[in-house]
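Chemist: okay, structure incoming, though there's no sequence with it:
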């Protein structure tokens, strides 16, 4: 967890090789793009950055992650998402 009141970290991460989810872009919180961002982060070992900006958007992020996979939010926060049994069902053809 990174708390940045200056906003400079967000700019830094936007131009880095990370999977960046902006909570102020509705498309980023749709289940399919979020699922792909998570799987890409796991597959390539890249950080998954969720930019909440100055708003309390945790609830919306939680709903979006749950839309990508039931129970995925808790497993993402606990780190269990790195286990194959957890991420494998999230893969869709």
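Modeler: Structure received. The structure displayed is predicted, hence computed values, not measured ones.
Chemist: pull the distance from stretch 33-47 to the chain's centre.
Modeler: How far stretch 33-47 lies from its chain's middle: 8 Å, per Cα atoms, centre = their mean, to the nearest Å.
Chemist: stretch 7-25 too?
Modeler: Relative to its chain's centre, stretch 7-25 lies at 11 Å (Cα atoms, centre = their mean).
Chemist: so which residues make contact with that stretch?
Modeler: For stretch 7-25, contacts defined as Cβ atoms under 8 Å, 6 or more residues apart in numbering pick out 2, 4, 28-29, 33-34, 37-38, 40-41, 46-53, 55, 57, 60-61. The way it works is simple: take the backbone N, C-alpha and C, and place the C-beta from them, glycine included.
Chemist: just the buried ones from the residues you listed?
Modeler: 28-29, 33-34, 37-38, 41, 48-52, 57, 61 (16 or more other Cβ atoms under 10 Å).
Chemist: where exactly do the helices run in this protein?
Modeler: Using DSSP state H, the helices of the chain run over 8-14, 31-44, 58-68, 72-78, 84-87.
Chemist: rebuild these as CSV, extending it with distance to residue 22 and mean pLDDT.
Modeler: Listed next are those as CSV, based on distance: least, Cβ to Cβ, whole Å; pLDDT from 0 to 100:
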stretch, distance to residue 22, mean pLDDT
helix 8-14, 8, 88
helix 31-44, 11, 91
helix 58-68, 11, 89
helix 72-78, 17, 90
helix 84-87, 23, 88
